[in-house]
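1. Next one to model:
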Amino acid sequence: MKLEDRVARSIARRKSVVILRSELSNLGSPAQLSLVLSNLVKAQRLVRVGVGIYAKTRLNKFTHELAPAATFEEIAAEAFRKLGIDVTHGKLAREYNAGKTNQVPMLAVVDTGHRRITRRISLGSRFISYERNGKRRPKEQRP
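-> Here you go, the predicted model:
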């Protein structure tokens, strides 16, 4: 069986929408895997969301074109969860959810706490922005 068929079957069997490259690393060499993943992106079976992060596609019932299998926010949340990065809603989204404002935040902003993240997660023209919470632990409590 060709590597492309094995990768496609492995992706189809997964319940999650987000596929990390590291999850497929046991199927072939890095060079072979790069070629197969780029072919799947060209064939629109996958969408590249970030470095080593891909999302499944499905047929849109309205436009009859291939589109990501979930919303951008769901894809980003699942990617952060799989990468082990704890994030919360940004300040504007928290204020809107608490009822302090009636302006709906249009940008996808996540709060990373005191952690600095530079990973770019984007889909089309949408991308994740990061804000850092300035609250740090006092020196005597740091490890």
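
2. Every contact and neighbour count from this point should use C-alpha atoms.
-> Noted.

3. how near is residue 73 to residue 1?
-> Counting by Cα to Cα, to the nearest Å, the gap from residue 73 to residue 1 is 36 Å.

4. before we move on, what about residue 82?
-> Taking Cα to Cα, one finds residue 82 at 29 Å from residue 1.

5. pretty sure residue 28 is touching residue 3, no?
-> Yes - with contacts counted by Cα atoms under 8 Å, residue 28 reaches residue 3, the gap being 7.2 Å.

6. returning to that earlier point: if you count what's nearby, which of residue 73 and residue 1 comes out ahead?
-> Using other Cα atoms under 10 Å as the criterion, residue 73 and residue 1 rank with residue 73 on top: 13 against 5.

7. which non-adjacent residue is nearest that one?
-> The shortest distance from residue 73 to any non-neighbouring residue, by Cα to Cα, 6 or more residues apart in numbering, is to residue 108 (7.5 Å).

8. Backbone dihedrals for the one you found, please?
-> Per-residue torsions, residue 108: phi -80, psi 100 (degrees, to the nearest 10).

9. who does it bridge with?
-> Under DSSP bridges, the beta-bridge partners of residue 108 are residue 128.

10. contacting residues around it?
-> 73, 126, 127, 128, 129 (Cα atoms under 8 Å, 6 or more residues apart in numbering).
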